[in-house]
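Engineer: generate coordinates for the sequence data below:
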Amino acid sequence: EQTKITLFLKPNQVILKNFPARVFSDWLEYSIHADAAFCYPCRTFRAPSSATDTKFTIIGFCDWKHAVETGKGLNKHSASKEHHTCEAMWRDKERRIQTGKEITTLINAEHLERNRYYLSSVIDVVEFLAVNQLPFRGDHDAFDCMAEDGCRLFLSLFEYTLRKDAVLAKIAKTIPHNARYTSHDIQNSLIEIMSTLVTEHIVKEVGESFYTIKVDGTRDPTGRENISIVVRFVNELNEPTERLLTIATADQGDAETLTDTIIEELTKAGLSSGKIISQVYDGASLMSGKHGGVQKHLQQKLHRDIPYVHCFNHQLHLVVTHALAAEQALVDFFTMCNMLYKFCRKPTVAILYKGETLKRLLDQRWTGHFGTVSVILRSFDDLSTLLREINSSPAYGADVRVEAAGLLRAMSEPSFRFIAEMVHKILSYLDPPNLMLQAEDMDLLTGVQLVNSACTCIENLRSETEFVTLLKRCKDATIEPVPNKRRRTLNTSFAMYAVEERIIYEDLSDETELRRMYFSCIDAVCGEMKERFGERNCVLMDALRSLDPEDSTFLDVSKVKPLLDLTNTPIVESEYTVAHQFLSMQMKDSFPADGGKWTMKKVLQHFQKPLEAMPSVMTALKHALTFGASTALCENSFSKLKNVLTEHRLSMLHRRKANLIKLAFEKDLTKKFREEWKDIVLRRFHSVAQRRLPLY
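Structural biologist: Residues are numbered from 1 along each chain as shown. Just a heads-up that it's a prediction; the model follows:
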C-alpha cells in the first residue's frame, strides 16, 4: 500500500478553537498581554526582600523550549524553597476563606453585624410606633436632638432604647454622623418596605383562589377621599380570611374613576381582577347603582357577571332608622333621649349624677339608639332622682331647674318607659346578628340565616301576651307622675255622637294607643327587613343554601351550578353524588369538634382529605365561603385612619398614611418584623438606601 503525501504551498498551521492542553499545576497563570507565564502564589505572597525568581513574579517566564525539562523552567521553580513557602501561605489563606476565619473577613463581619444590630433597633422602633398607631416625628428628626424637647416619640423611644441597651449604645458611638438613619426619609423607606412585604404576603395568601372585594370610602380632615379595599378569600387552612389590601385615593369621585382605581390597585398588588367572584359595598348609589354604579362599571370592564351584595350592617341600620321614624312618638322619644344626654353633660349636673354615662345618638349607626335606650333603662332611677333634686334645689339656675322639670315630666309619662322597653326589646334581637356580621369569617349564607332568625324573633313579639307583659313591667317601674297636669277629656257636647278621630291631641298614656304603636312598630321593622333582605330568594342564594349541610337541598347539582358558572368551573355530577352519600353518612355518625351543628366551613375543614378527591365539590364550598356579607372591615380601617391622621399630623403624605394604616391594621403580619421578616427588611433597605452604612 502506497503512502499518499499531500503537498501544500505553505506550512500546515491548523487553528483550533480549543487546543489540547496538559495541566502542569494550579499555581501557574498566563498573561496574554506579556505572553508569559507567572506563578500566582509567589507573585501574591512573596515578601518584599524575598529572593524569589523575578521571571515568575515580575518579568514573566517565556522560555517554552525548556519549560518542562527536568531541572529547568517550571520544574525548577516548583521545587524551590521560596515557591513552597508562598504556596503554603496561599493554601492556608484558602482554608481560612472556606472556614470563614480569614482575618479581614472576621473584622468585616463584625463590623457588618454591628451595623445590622443598629439598624435592626431602628426597625423595632418603627414597628412599635406603627402597630400602636403612634406619631413618629416632632420638630426635629436629627440624632443629635434626641435629648431636646419636641423630638416626639421616634427619637425619644430610640433614646430610651439606647439607655436600656448597653450594646446598642456602644455601637451607636461608632456609627458615622452621616449614617444615623433616624431622618424622616429613612422612616419612609422602612415603612414602605414593610408595607410592601405585608402586601406581598397577602397576595401569597390569596394565591390562585377566587376572592371577594369589599370597598368603602371616607373623607379625612384634609378633604382627601380615602378608599379602603379589602379582599376576602379562603386560605390554605380552608378558613375564610379578610385582609386590608390598601388605602387608595382617587382624583375624582365618579363611579368610573373609582372602578379604575380599584382595578389598578388590585393589579399593582399582583392580584388578577379575573379572580373576583363578588363585590360588597354600602347602599350609596355611587357604589350600588344598577346602571351607573361601581358594581355595574366593574362588571362591564371585566366583561362578566360579578354579583353585588349590599352590606348587611348598613341594611340593618336602614331598617332601624326607617322603621323607628315611621312613628312620631318614637321620634319624640329619641329627641328626649338626646336632651337627657346633653343635660347630664352640663358640668354642674355631671357632678351630681351618679348613674351610668349616657350614650350619644349616632345618626350613622343604629347601635347608638340601642346603647342610649339600654343606659336609660339601667339608670332610670338615678336619672329620676337627679332630675327631682335639681328641680327642687334653689342652688341651680332657673334655666337648669326648668329644663330638669320638663325632662322629669316627660320621663314620668307611662309612654316614655313603654317606648324605651319596646325599642330595647326589638333592637336587642338585632344586636347579635349585627355584631356577628362584623366577624371576619362571616359568610353570606350565614349572614342571611342570622337575619332571618332575628326577623322571626321580632315577629314572635307580635302577640297580645307579649304586649301585656311589657305594659305591666312598665307600669310597675314607672315613677310617680308630676302633679298639676290636667288630663284632657272628651267634650261632653259629643256624648251623643260617635267620635272617630281626635285631630289635635293624642294621649299616649292610653292603653289602646300604646297597643297600636306596639304592633305598628313591629310590623314596620319586619316589613323593612323582608324588603331589604329579599335577595335571599335569588338563584345565587339558592346555590349557597344547597351547600348548607343542614339544608334539604344539600349538594343538589342543579342548584349549585349557577355558583360555579360565575368562575366557569365545570361541574362533575358524579362527584356530587358520591360526596352527598359520603358526607351524609359521616355527619350522621359524627359531630363537629365544637359540638355545634355542621356548617360549610366545618365540613370543608373536617373532611378536607376526602374532598380533595372531589375537586368540583371542594371548589363550590370554597366559593360559597368566599361570599361576604359586610364591609365592616373597611370601616374598621377608618378607625385606624382616625388614629393615624390626627390633627397634628395633617401634613402627612398619603403614601406614608396608607402604609401606616396597613401596618397598624394587619397587626399580626406587622409583628413578624420583630424576628421572622427583619432580615428581609435589612436586605431590601440595603439595596435601595444610600450605602453609607454597609449591611452586607
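
Engineer: got the end-to-end distance for stretch 222-240?
Structural biologist: End-to-end span of stretch 222-240 (CA to CA, to the nearest Å): 35 Å.

Engineer: please apply the same query to stretch 435-443.
Structural biologist: So stretch 435-443: terminal residues 13 Å apart, CA to CA.

Engineer: buried stuff in it?
Structural biologist: 436-440, 442-443 (16 or more other CB atoms under 10 Å). Just so you know, the C-beta spots here come from the backbone N, C-alpha and C atoms, and that holds for glycine as well.

Engineer: for the residues you listed, give me TSV that also has distance to I376, pLDDT and secondary structure.
Structural biologist: Converted to TSV, the buried residues of stretch 435-443 look like this (distance: CB to CB, whole Å; pLDDT from 0 to 100; DSSP: H, G, I helix; E, B strand; the rest coil):
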residue	distance to I376	pLDDT	secondary structure
M436	25	91	helix
L437	26	91	helix
Q438	25	90	coil
A439	29	89	coil
E440	33	88	coil
M442	30	91	coil
D443	36	92	strand
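
Engineer: which of these sits closest to A329?
Structural biologist: Distance to A329, by CB to CB, is smallest for L437 among those, at 29.5 Å.

Engineer: wait, that closest one touches T631, no?
Structural biologist: No: under the criterion of CB atoms under 8 Å, L437 lies out of contact with T631, with a separation of 10.1 Å.

Engineer: pull up the overlap in contacts between those two.
Structural biologist: Jointly contacting L437 and T631 under the rule CB atoms under 8 Å, 6 or more residues apart in numbering are N313.

Engineer: which parts of the stretch 1-150 of the chain are strands?
Structural biologist: For the stretch 1-150 of the chain, the strands defined by DSSP state E, counting those that start in this stretch occupy 28-31, 36-39.

Engineer: hmm, back to that, so can I have CSV of the buried residues of stretch 435-443 showing distance to R409?
Structural biologist: Output for these, formatted as CSV (distance: CB to CB, whole Å):
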residue, distance to R409
M436, 40
L437, 40
Q438, 39
A439, 44
E440, 48
M442, 45
D443, 50
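
Engineer: farthest-apart pair in the residues you listed, please.
Structural biologist: It's Q438 and D443 that sit farthest apart of the buried residues of stretch 435-443, by CB to CB, at 13.1 Å.

Engineer: which secondary structure elements does the helix or strand where R516 lies sit against?
Structural biologist: Assigned by DSSP states H and E, R516 falls within helix 511-532. Secondary structure elements in contact with helix 511-532, counted by 3 or more CB pairs under 8 Å, 6 or more residues apart in numbering; DSSP states H and E, are helix 312-324, helix 328-344, helix 414-437, helix 444-459, helix 464-477.

Engineer: residues contacting that helix, please?
Structural biologist: 310, 315, 318-320, 322-324, 326-327, 329-330, 414-415, 418-419, 422-423, 426, 451, 454-455, 458-459, 461-462, 467, 470-471, 506-508.

Engineer: now that helix: buried residues?
Structural biologist: 514, 517-518, 521-522, 524-526, 528-529, 532.

Engineer: after the one helix or strand S616 maps to, which helix or strand is next?
Structural biologist: Per DSSP H and E, S616 falls inside helix 615-626. The helix or strand immediately downstream of helix 615-626 is helix 632-644, counting by DSSP H and E.

Engineer: who's in contact with that next one?
Structural biologist: For helix 632-644, using CB under 8 Å, 6+ apart, the contacting residues are 133, 214-216, 218, 220, 226, 228-230, 242, 244, 247, 311, 313, 437-438, 440, 652, 657, 660-661, 664-665.

Engineer: those in helices, which ones?
Structural biologist: Judged by DSSP state H, those include 313, 437, 657, 660-661, 664-665 as members of helices.

Engineer: do you know the pLDDT at the nearest residue to L387 once chain neighbours are set aside?
Structural biologist: Excluding the flanking residues, the one nearest L387 by CB to CB, 6 or more residues apart in numbering is L408, at 4.0 Å. Listed pLDDT for L408 reads 92.

Engineer: got it, and K662?
Structural biologist: For K662, the model assigns a pLDDT of 96.

Engineer: show me what contacts it?
Structural biologist: K662 touches 195, 198-199, 244, 246-247, counting by CB under 8 Å, 6+ apart.

Engineer: E676 now?
Structural biologist: So E676 contacts nothing (CB under 8 Å, 6+ apart).

Engineer: the longest helix along the chain: how far from the chain's middle?
Structural biologist: Longest helix in the chain, counting residues (DSSP H): helix 103-131. The chain centre lies 29 Å from the centre of helix 103-131; the measure is CA atoms, centre = their mean, to the nearest Å.

Engineer: got it, and stretch 237-253?
Structural biologist: Relative to where its chain is centred, stretch 237-253 has its mean C-alpha point 7 Å off (CA atoms, centre = their mean).

Engineer: start to end distance for it?
Structural biologist: Using CA to CA, the distance between the terminal residues of stretch 237-253 is 38 Å.

Engineer: please apply the same query to stretch 530-542.
Structural biologist: Start-to-end, stretch 530-542 (CA to CA) is 17 Å.

Engineer: re earlier: buried stuff in the helix or strand following the longest helix of the chain?
Structural biologist: Using DSSP H and E, the next helix or strand after helix 103-131 towards the C-terminus is helix 152-164. For helix 152-164, burial by neighbour count (16+ other CB under 10 Å) applies to 152-155, 157-159, 161-162.

Engineer: export the next helix-or-strand element following helix 152-164 as PDB, just CAs?
Structural biologist: Next helix or strand after helix 152-164 toward the C-terminus (DSSP H and E): helix 166-172. Coordinates of the C-alpha atoms in helix 166-172 are reproduced here as PDB (Å, rounded to 0.1, in the frame of the first residue of the first chain):
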ATOM      1  CA  ALA A 166     -25.700  49.000  76.500                       C
ATOM      2  CA  VAL A 167     -24.600  47.100  73.400                       C
ATOM      3  CA  LEU A 168     -26.600  49.400  71.200                       C
ATOM      4  CA  ALA A 169     -25.300  52.500  73.000                       C
ATOM      5  CA  LYS A 170     -21.700  51.300  72.400                       C
ATOM      6  CA  ILE A 171     -22.400  50.600  68.700                       C
ATOM      7  CA  ALA A 172     -24.200  54.000  68.200                       C
END
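
Engineer: name the helices or strands packed onto helix 166-172?
Structural biologist: Looks like helix 166-172 contacts helix 103-131, helix 152-164 (3+ CB pairs under 8 Å, 6+ apart).

Engineer: Y281 versus T619, what's the distance?
Structural biologist: 25 Å (CB to CB, to the nearest Å).

Engineer: so for those two, which residue has more residues nearby?
Structural biologist: The residue with more neighbours, out of T619 and Y281, is Y281; 23 against 19, by other CB atoms under 10 Å.

Engineer: got a list of what the more buried one touches?
Structural biologist: 214-216, 287-288, 294-295, 308, 310-311, 631.

Engineer: out of these, which sit inside strands?
Structural biologist: 214-216, 308, 310 (DSSP state E).

Engineer: secondary structure class for the residue nearest to L387?
Structural biologist: helix (DSSP: H, G, I helix; E, B strand; the rest coil).

Engineer: what's the burial count for it?
Structural biologist: L408 has 19 nearby residues by other CB under 10 Å.

Engineer: quick check, it in contact with E389.
Structural biologist: No: with contacts counted by CB under 8 Å, L408 stays clear of E389, the gap being 10.2 Å.

Engineer: what touches both of those two?
Structural biologist: By CB under 8 Å, 6+ apart, no residue touches both L408 and E389.

Engineer: which residues does the helix holding S616 contact?
Structural biologist: Taking CB under 8 Å, 6+ apart as the rule, helix 615-626 contacts 209-212, 232-234, 238, 240, 277-278, 443-445, 543-544, 547, 555, 560, 563-564, 566-567, 569-572, 575-576, 579, 600-601, 603-604, 611-612.

Engineer: give me the nearest residue to V230, chain neighbours excluded.
Structural biologist: Nearest to V230 is K214, by CB to CB, 6+ apart, at 4.1 Å.

Engineer: that neighbour and P433, how far apart?
Structural biologist: For K214, the distance to P433 - CB to CB - is 18 Å.
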